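Enquirer: no sequence for this one, just the structure:
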C-alpha cells in the first residue's frame, strides 16, 4: 500500500523563541520578589501554542499554570504532570466538578453557587476569586462571610486588577481590598498581579503572580520594558508578482488605485491567520529591512504589497510580518492581546 504523501511546507511561519519565553518568565519571577510567578497559558498560550510554550515555561521553573476553560486542561497537564493547572472560569455543573477532580485541575470558585456545587459534589482543594472592582468574575466582598465560602478548602485567594496598565489609585485600592478579604477568608496563598501588576512593584506580588501578556513579549507597563524580550516572529511567502498600470485597482472594492506603473506582490497571509483588516491601511511587510507597503484591503488568505523597495523579490521569497506586540505603533487599532490571540490555526509554531 502506498504511503500517503506528506504535505509540502506551509507558506506561513510562526516561530516562537522559547529561550526568550523562558527568560521572560524568569525575569517576571524575579520581579515578583518574595512571591513566585505562575503563567497564564489560556487560549493556546495566547495563540503561540501550548505544546511549544508550556514545556519551555515548565523547564524554566514555572509550577502554576492558569487556563480559562476546563477544555484547555488536558493539553496543559500533558506537559506538567507534576504541576498545577487552575481553571479561571470555575465549575458550573456536576460534570465539571467530576472532570476537575479526575484530571487534578483546581477550579477557581467565582460565586456562591459554584462554592455550594463544589462542596456538594465532594469538595477538595480549590481557589477563590474575590471581585475588588473589575466586576467580571468573583464573589462580592459582602459575601466573604457566607457559610458556603467557609466550607471551602481554599488554596489561593485571588483577585484581578482592572487598570494595572494605568497610573490610578484603583490599583492600590484593589490590593487593600484583597488584603481585607484575606482577614476573613481562610486561605494558604494570595494572588493579585497580572503582567502589568508585576510592573507596579513587589507590594502587589503577594504570594503568586499570574503573568500572561509579558511572557509572550508584551510590555503593558514601561517598568517592564528592559526585562521583556520579543517571542514571536511571523513570516509569509510571496505567491505571485504582477505589474499594474495607472488606474488599476487592488483587492476588494478597489480601495487602492495605482497612481502610476507599479510592481506588486501577493502574500500568503490574511485575516483568517490573524492578520486582520485593521492592520492593513498604513502598514507594511518587510524584507531585509525594506518596507513593502500594504495596498488595498486585507483578504482572508492574502494581502498585496508594493514591491518598489524590493525589485529583486519573486514568488517563493519570505517576507517578515510585523508582530512585535511591544511596539504600539504597529498595532494600529488592535491591542497586543488581540495580535496574539487572533492568530489563526494555519499559523502555528514550527
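Expert: Okay, I see it. What you see is a predicted model, and the numbers here were worked out from it, not measured in a lab.

Enquirer: Which parts of the stretch 151-300 of the chain are strands?
Expert: Assigned by DSSP state E, counting those that start in this stretch, the stretch 151-300 of the chain shows strands spanning 153-158, 189-191, 208-209, 232-244, 249-250, 256-257, 262-267, 284-287, 290-295.

Enquirer: Mean neighbour count, those strands: which tops it?
Expert: Each of the strands of the stretch 151-300 of the chain was scored by mean neighbour count; the highest is strand 208-209, a mean of 24, by mean count of other CB atoms under 10 Å. C-beta coordinates here come from the backbone N, C-alpha and C atoms, glycine included.

Enquirer: re earlier: specify the stretch among the strands of the stretch 151-300 of the chain that is closest to residue 20.
Expert: strand 232-244 (9.2 Å; CB to CB).

Enquirer: Straight-line length of stretch 267-278, end to end?
Expert: Terminal residues of stretch 267-278 are spaced 17 Å apart (CA to CA, to the nearest Å).

Enquirer: what residues does it touch?
Expert: 11-12, 47, 234, 236-239, 285, 297-305, 319, 321, 332-334, 338-339, 342-344, 346-347 (CB atoms under 8 Å, 6 or more residues apart in numbering).

Enquirer: Please indicate which of the residues you listed are buried?
Expert: By neighbour count, with 16 or more other CB atoms under 10 Å, the contacts of stretch 267-278 hold 11-12, 47, 234, 236-238, 285, 297-299, 301-305, 319, 321, 332, 334, 338-339, 342-344, 346-347 as buried.

Enquirer: so what's the spatially most central residue of the chain closest to, chain neighbours aside?
Expert: The chain has residue 46 as the residue nearest its centroid, 2.7 Å off, counting by CA atoms, centre = their mean. Once flanking residues are discounted, residue 46 sits nearest to residue 340: 4.3 Å by CB to CB, 6 or more residues apart in numbering.

Enquirer: Check residue 97 too.
Expert: Using CB to CB, 6+ apart and skipping the chain neighbours, the partner closest in space to residue 97 is residue 121 (4.1 Å).

Enquirer: Surely that neighbour and residue 93 touch.
Expert: No - contact criterion CB atoms under 8 Å: residue 121 and residue 93 do not qualify, at 9.4 Å.

Enquirer: if you count what's nearby, which of those two comes out ahead?
Expert: residue 121 (17 against 11; other CB atoms under 10 Å).

Enquirer: quick one: contacts for the more buried one?
Expert: Residue 121 makes contact with 94, 97, 98, according to CB under 8 Å, 6+ apart.

Enquirer: which one of those residues has the most neighbours?
Expert: residue 97 (24 neighbours).

Enquirer: For that residue, which residues are in contact?
Expert: 91, 107, 117, 118, 121, 122.

Enquirer: Tell me the confidence at residue 346?
Expert: Reported pLDDT at residue 346 in the predicted model: 86.

Enquirer: Would you agree it is in contact with residue 12?
Expert: Yes - using CB under 8 Å, residue 346 is in contact with residue 12, at 5.9 Å.

Enquirer: Provide the count of other residues in contact range of residue 139.
Expert: 22.

Enquirer: again with residue 308
Expert: 14.

Enquirer: And it, how close does it get to residue 128?
Expert: As judged by CB to CB, to the nearest Å, residue 308 and residue 128 stand 59 Å apart.

Enquirer: For residue 321, see how far away the residue nearest to the centre of the chain is.
Expert: Distance from residue 46 to residue 321, by CB to CB: 17 Å.

Enquirer: Low-confidence stretches in the chain?
Expert: Scanning the chain for pLDDT under 70 picks out 1, 327-334, 348-350.

Enquirer: Good, wrapping up.
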